[in-house]
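>>> Have a look at this prediction, sequence included:
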Amino acid sequence: MSILPDIIFDYENAKGFFGPEELVQMEEKVKQKHKMLLDRSGSGSEFLGWIDIPERYDREEFEKIKSAAQKIRKDSDVLVVIGIGGSYLGARAAIEFLQGRYPGYPEVYFAGNNLSSTQILEIKQRLEGRDFSLNVISKSGTTTEPAIAFRFFKRMIQEKYGKAEASGRIYVTTDKNKGALKELAGKEGYTTFVVPDDIGGRYSVLTAVGLLPIAAAGADVDELMAGAALGRNKFMEAGFESNDALQYAAVRNILLEKGKNIEILAGYEPCLHYVAEWWKQLFGESEGKDGKGIFPAAVDLTSDLHSMGQYIQDGQRCIFETVLDLSNTGEEILVGEEEDDLDGLNYLAEKTVDFVNRSAMKGAIKAHVDGGVPNLKVTLAARNERTLGELFYFFESACGVSGYVLGVNPFDQPGVEFYKKNMFTLLGKPEIRQI
Ligand SMILES: O=P(O)(O)OC[C@H]1O[C@](O)(CO)[C@@H](O)[C@@H]1O
């Protein structure tokens with residue numbers, strides 16, 4: 001019996017939108033940019049630590065992560081993860097993708113990813129009477145959203161447990177040597193984990209940034225890293241013909257040249273929602289600069305076929321769609337049979353809900369392609385850590401190469417500073433006032 005690879009990229013349903021010679025031309029460019037990534041000769045090369053992380057991760061830190069996760073599982077009903085952007089999306093993607101598989105483990109709440117006081121209060125209410133720990137994650141240590149949430153929940157945990165016990169329940173993931181959080185952790189004796197210097201936030205899911213919350217939620221981080229190592233092998237070593245990440249990078253850039261400047265990531269399982277949110281930051285921050293880039297959007301299907309389906313089918317023809325196909329959910333829920341068959345569903349009796357979902361997916365793909373929306377597909381063999389590790393690596397490597405093809409530095413994010421500057425001016429931040 002042949003075993004399905006964990007990730008398969010398929011662009012059969014996009015081939016009608018470009019000629020073979022265009023792929024040949026793009027292949028050359030992609031190979032060149034891939035080499036640039038591997039040689040570390042492109043822009044942003046000081047942030048390429050993610051390339052080797054699945055093999056060369058710090059084993060000592062990894063064991064420390066696993067024991068901290070074990071302690072959290074023993075002494076906490078809830079782990080509050082405080083972080084924004086790349087400092088929470090990878091963990092949330094993994095935990096929600098794998099959700100439901102780990103009954104009995106602490107719940108994980110995410111805070112500090114907005115400035116909503118109602119959300120802070122909701123989390124506070126949900127923590128009443130429950131044991132909890134905090135994992136505050138910020139490379140800079142000074143990002144406003146997580147810093148405000150951390151002030152709030154730090155006070156709450158100290159009031160509940162007293163300062164000394166609270167210190168044993170606060171886990172800080174930040175820069176190795178410097179920054180506000182590092183300093184505070186040293187002063188208060190918090191356990192610290194490292195965001196490596198050479199890995200940017202959106203590429204950091206396979207460091208302590210993602211691994212501690214993921215392990216605390218009960219997932220197998222060894223398997224996650226093993227999946228990523230498979231990805232490292234496949235997407236960094238293989239030539240174009242057998243390299244799905246390079247092919248994905250090539251096809252999306254060809255489509256962009258044809259005016260398809262919006263990519264919609266479409267998942268047919270709710271557990272993929274935050275994988276798409278993570279992907280949006282990865283591609284949005286990496287490619288959207290210098291007036292360039294494909295706008296990354298996402299839909300949850302079939303739900304959004306009843307809201308965004310009209311636009312995808314029939315709106316401006318500037319989009320292409322990438323379906324995330326979780327081909328084997330392993331669930332066998334049957335559509336029941338009813339005597340009076342008022343809703344006319346008896347023709348589906350004894351068919352699985354999965355079968356209906358897959359038929360909807362096939363039908364929507366065909367309709368969208370017929371309507372002028374090229375379709376790409378990334379098939380995931382299973383809902384497990386190994387597949388997810390490979391998926392993370394697939395998108396990261398495709399994104400690095402794709403950004404270089406586009407002609408941008410895929411590893412910086414200067415545009416993010418502009419809103420911060422305006423906000424700080426409005427808030428009267430001291431050093432801003434002096435400018
Ligand atoms: O970990 P930090 O420094 O709090 O930054 C969080 C996020 O903010 C950004 O720097 C800008 O939004 C992202 O790149 C990053 O993922």
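Yes, it's here. Residues are numbered from 1 along each chain as shown.
>>> so how far is the helix or strand encompassing Ile148 from its chain's centroid?
Counting by DSSP states H and E, the element that carries Ile148 is helix 144-161. Distance, stretch centre to chain centre, for helix 144-161: 25 Å (Cα atoms, centre = their mean, to the nearest Å).
>>> now swap in stretch 200-218 and tell me
From the chain centre to the centre of stretch 200-218 is a distance of 10 Å (Cα atoms, centre = their mean).
>>> One more: stretch 325-345?
With Cα atoms, centre = their mean, you get 31 Å for stretch 325-345.
>>> first vs last residue of that stretch, how far apart are they?
End-to-end distance for stretch 325-345, by Cα to Cα, to the nearest Å: 25 Å.
>>> Show me what it is in contact with.
Identification of contacts with stretch 325-345 by Cβ atoms under 8 Å, 6 or more residues apart in numbering yields 4, 267-269, 271-272, 346, 348-354, 356, 361, 377-383. No exception for glycine: its C-beta is placed from N, CA and C like everyone else's.
>>> per-residue confidence for the residue nearest to Tyr393 when sequence neighbours are not counted?
Using Cβ to Cβ, 6 or more residues apart in numbering and skipping the chain neighbours, the partner closest in space to Tyr393 is Gly231 (2.9 Å). Gly231 is assigned 97 on the pLDDT scale.
>>> Distance of Gly231 relative to Ala238?
Separation of Gly231 from Ala238 (Cβ to Cβ, to the nearest Å): 11 Å.
>>> quick one: contacts for the residue nearest the centre of the chain?
Centroid-nearest residue in the chain, with Cα atoms, centre = their mean: Trp278, separated by 2.5 Å. When contacts are counted by Cβ under 8 Å, 6+ apart, Trp278 touches 89-90, 92-93, 202, 205, 392.
>>> quick one: buried residues of the longest strand seen in the chain?
Secondary structure of the chain per DSSP state E: the longest strand is strand 319-326. Judged by neighbour count (16 or more other Cβ atoms under 10 Å), strand 319-326 contains these buried residues: 319-326.
>>> Equivalent analysis for stretch 122-138, please.
For stretch 122-138, the neighbour count (16+ other Cβ under 10 Å) marks 123, 127, 132-138 as buried.
>>> what does the protein put close to the ligand?
Within reach of the ligand by Cβ under 6 Å from any ligand atom, the chain has these residues: 84-87, 138-140, 143, 146, 201-202, 285, 413, 416.
>>> make it 8 Å
Residues of the chain lying close to the ligand by Cβ under 8 Å from any ligand atom are 83-87, 89, 137-143, 145-146, 174, 195, 200-202, 204, 209, 281, 285, 413, 416.
>>> can I assume Gly227 is in contact with Thr387?
Yes - Gly227 is within contact range of Thr387, at 6.1 Å (criterion: Cβ atoms under 8 Å).
>>> what's the overlap in contacts for those two?
Between them, Gly227 and Thr387 share the contacting residues Asp6, judged by Cβ under 8 Å, 6+ apart.
>>> how about Leu134, phi and psi?
Main-chain torsions, Leu134, degrees, to the nearest 10: phi -120, psi 140.
>>> correct me, but it touches Arg169?
Yes - assessed by Cβ under 8 Å, Leu134 is found in contact with Arg169 at 6.6 Å.
>>> State the distance from Glu159 to Ile148.
Computed as Cβ to Cβ, the Glu159 to Ile148 distance reads 17 Å.
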